[in-house]
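>>> Using only what follows, build the 3D model:
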Amino acid sequence: MEDKGEVKCIKFSLENKILAVQRTSKTVDFSNFIPDSSQLEYTQECKTKNANILGFCWTSSTEIVFITDQGIEFYQVLPEKRNLKLLKSQNINVNWYMYCPEGAVILLSTTVLGNVLQPFYFRAGTMSKLPKFEIELPAVPKSTKLNLSERDIAMATIYGQLYVLFLRHHSRTSNSTGAEVVLYHLPREGACKKTHILKLSRTGKFALNVVDNLVVVHHQDTETSVIFDIKLRGEFDGTVTFHHPVLPARSIQPYQIPVAGKGTSAWQLEWQEEEEVRGEEVRLSGKEETVGLFLPFPSNVLLLHPGYLWNLQVKLQPIVNLLPDKGRLMDFLLQRKECKMVILSVCSQMLSESDRATLPVIATVFDKLNHEYKKYLDAEQSYTMALEAGQSRSSPLLKRPVRTQAVIDQSDMYTHVLSVFTEKKDMPHKFVIAVLMEYIRSLNQFQITVQHYLHELVIKTLVQHNLFYMLHQFLQYHVLSDSKPLACLLLSLESFYPPAHQLSLDMLKRLSTANDEIVEVLLSKHQVLAALRFIRGIGGHDNISARKFLDAAKQTEDNMLFYTIFRFFEQRNQRLRGNPNFTPGEHCEEHVAFFKQVFGDQALMRPTTF
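Coordinates of the predicted model:
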């Protein structure tokens, strides 16, 4: 770039194809960085006479906004023609401005005191003027000079909603000491409303960040930081919710910056270090490092000396021991992006011998987890039903629900928590069973179908401790839901607990789709007549395989039982076909021969003649 004087502001467009440079208070220069395009600069002067450009913001790859002290000008950049087209402008006295790229909203400070804020929303070539709102100052101003500084205002998206944050250094109420952060909710439609107040309970210099939907407030004097979560329950006065820090104040974790060695310039070292720490857990502390600390949104920390840009992150695992209330801890963790393994570790911890929680606390945690689980299942079901109803996947109204880490399903709990928990030898078996049943109770409460492997875990635990009477009660009163895998498991327990066989059959009978399994079970136990009575009771005896029943009857080595079964199928053949003989397709020749051998030819049924 040619040196044309001091650069006040320089920004690339969103796709880095056009560079905008402000060198004077009247104009902005543009250069194209597009292949096969001229890089000659072209200039745009602000349209309003006698106005001074305070700054500019790119709202898209080809749309830019000039903010002047007399208003706002919205342009479309035409790189091929190397000029700009004015789309819309608005005259308004401006003290300062702020831009939130996430929400595409520009906030203008107006009026003499500066506390009336006018937001503008930008989208797809349009500029919309949102309702203006007033920031409540700590006290009635004694002078008519500017009272609201842009240093005390920030914009951030928290839980998908845009908020204006105001750092009020003195509370408006006389009985409250210390500063506070006031949150104003700025919706796309409707008026901006004050919704939350974060109580800092201290005074001095502060800086703000928003990290993982948490508001982090740094206090320079004590070199500590506190975090607030507006999703957690606070004190509601009918209009505003008051919040206190989630945790006690903590210092940012230090990071040691190595000294530049020989042959390495400070500039090179800075870039090398940035590459090394990008995406890692980076925290800062120490007076020598915090000189000139400036914190732009959303989660960046810029140290003016020595000139490093950090990304602030929250470590969740240490919070587990700092927040003793397990219910509140779970509310906090469920809102974090990388929460799954931490939540599962909390569940394991509260079931350990050393940190064992009470059953009511465990029940509360399970209910909170299953509430999130159920929300996801319902959203997934609604999406599937919409697809089946003929809605297109590309429809803007139809979005597949995103499975966040807050969705802890039964497989997660079984694999990481419950199966490990039941293997602990030193854990009282009554507590183990109570925990398993509490989790199943919670699933049932939220109308979530319990997976059979959880029931199997309960049964195996009961059998392991010879608690057959309890198993019988659980099955008799349907505490454990009926399923084919569960019925098969009960059959395998017959040698340990003989009534398990009948319990299994009763369960299969209740499962109207398990008739074939019941017949197979009875035949495998050589209860051929019982199997035949069952199949007749459900009206399926005309379609069953004669050979299967004759095989089973022959295996019993009870000739009279074989005779009875053989005669039943002869009578069925006569009734259905008018002839008692078996057809070749039934493959019963072996059994006919055996019948003749034992009872003689004369015992065979003769066709009925009319």
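
>>> List the residues that contact residue 517.
Applying Cβ atoms under 8 Å, 6 or more residues apart in numbering to residue 517 gives the contacts 484, 487-488, 508. (Glycine included, C-beta is placed from N, CA and C.)

>>> does residue 367 count as helix, strand or coil?
Classification of residue 367 using DSSP: H, G, I helix; E, B strand; the rest coil returns helix.

>>> and the closest residue to it other than its chain neighbours, how many neighbours?
Nearest residue to residue 367 in three dimensions, chain neighbours excluded: residue 442, at 5.2 Å (Cβ to Cβ, 6 or more residues apart in numbering). Residues lying near residue 442 (other Cβ atoms under 10 Å) number 21.

>>> any idea how far residue 442 lies from residue 113?
Relative to residue 113, residue 442 is positioned 54 Å away (Cβ to Cβ, to the nearest Å).

>>> now swap in residue 554 and tell me
Remark: distance between residue 554 and residue 113 (Cβ to Cβ) = 102 Å.

>>> tell me the secondary structure for residue 77?
Once three-state DSSP is applied, residue 77 turns out strand.

>>> right, I mislabeled it, should have said residue 208
Classified using three-state DSSP, residue 208 is strand.

>>> can you pull the pLDDT of the residue nearest to the spatial centre of the chain?
With distances taken as Cα atoms, centre = their mean, residue 404 lies nearest the centre of the chain, 2.6 Å away. We note a pLDDT of 94 for residue 404 in this prediction.

>>> In contact with it: list those residues for me.
337, 376.

>>> From residue 376, how far off is it?
Distance, residue 404 to residue 376, by Cβ to Cβ: 8 Å.

>>> again, but for residue 191
Per Cβ to Cβ, residue 191 is found 33 Å from residue 376.

>>> which one of the contacts of residue 517 has the most neighbours?
residue 508 (28 neighbours).

>>> Can you list the low-confidence ranges for this structure?
The chain contains residues with pLDDT under 70 at 140-144, 171-176, 256-307, 393-394, 396, 609-610.

>>> and stretch 475-492, C-alpha only, in PDB?
The C-alpha trace of stretch 475-492 is given here as PDB (Å, rounded to 0.1, in the frame of the first residue of the first chain):
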ATOM      1  CA  LEU A 475     -41.900 -58.200  37.700                       C
ATOM      2  CA  GLN A 476     -45.200 -58.900  39.300                       C
ATOM      3  CA  TYR A 477     -46.000 -55.200  39.800                       C
ATOM      4  CA  HIS A 478     -44.400 -54.300  36.400                       C
ATOM      5  CA  VAL A 479     -41.700 -52.100  37.900                       C
ATOM      6  CA  LEU A 480     -39.500 -53.600  35.100                       C
ATOM      7  CA  SER A 481     -41.100 -53.100  31.700                       C
ATOM      8  CA  ASP A 482     -41.900 -56.200  29.600                       C
ATOM      9  CA  SER A 483     -39.600 -57.000  26.700                       C
ATOM     10  CA  LYS A 484     -38.500 -60.000  24.700                       C
ATOM     11  CA  PRO A 485     -34.800 -59.700  25.800                       C
ATOM     12  CA  LEU A 486     -35.900 -59.500  29.400                       C
ATOM     13  CA  ALA A 487     -38.100 -62.600  29.000                       C
ATOM     14  CA  CYS A 488     -35.200 -64.500  27.500                       C
ATOM     15  CA  LEU A 489     -32.900 -63.400  30.400                       C
ATOM     16  CA  LEU A 490     -35.500 -64.700  32.900                       C
ATOM     17  CA  LEU A 491     -35.600 -68.000  31.100                       C
ATOM     18  CA  SER A 492     -31.800 -68.300  31.500                       C
END
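
>>> Going forward, the N-terminal residue is numbered 37.
Done: numbering now begins at 37, and the last item shifts to stretch 511-528.

>>> Would you mark the buried spots in the one helix or strand the residue nearest to residue 403 maps to?
Here residue 478, judged by DSSP states H and E, is contained in helix 465-481. By 16 or more other Cβ atoms under 10 Å, the buried positions in helix 465-481 come out as 468-469, 471-476, 478-479.

>>> One more: stretch 251-259?
Buried residues in stretch 251-259 (16+ other Cβ under 10 Å): 251-255, 259.

>>> Any idea how far apart the tips of that stretch sit?
Using Cα to Cα, to the nearest Å, the end-to-end distance of stretch 251-259 comes to 17 Å.
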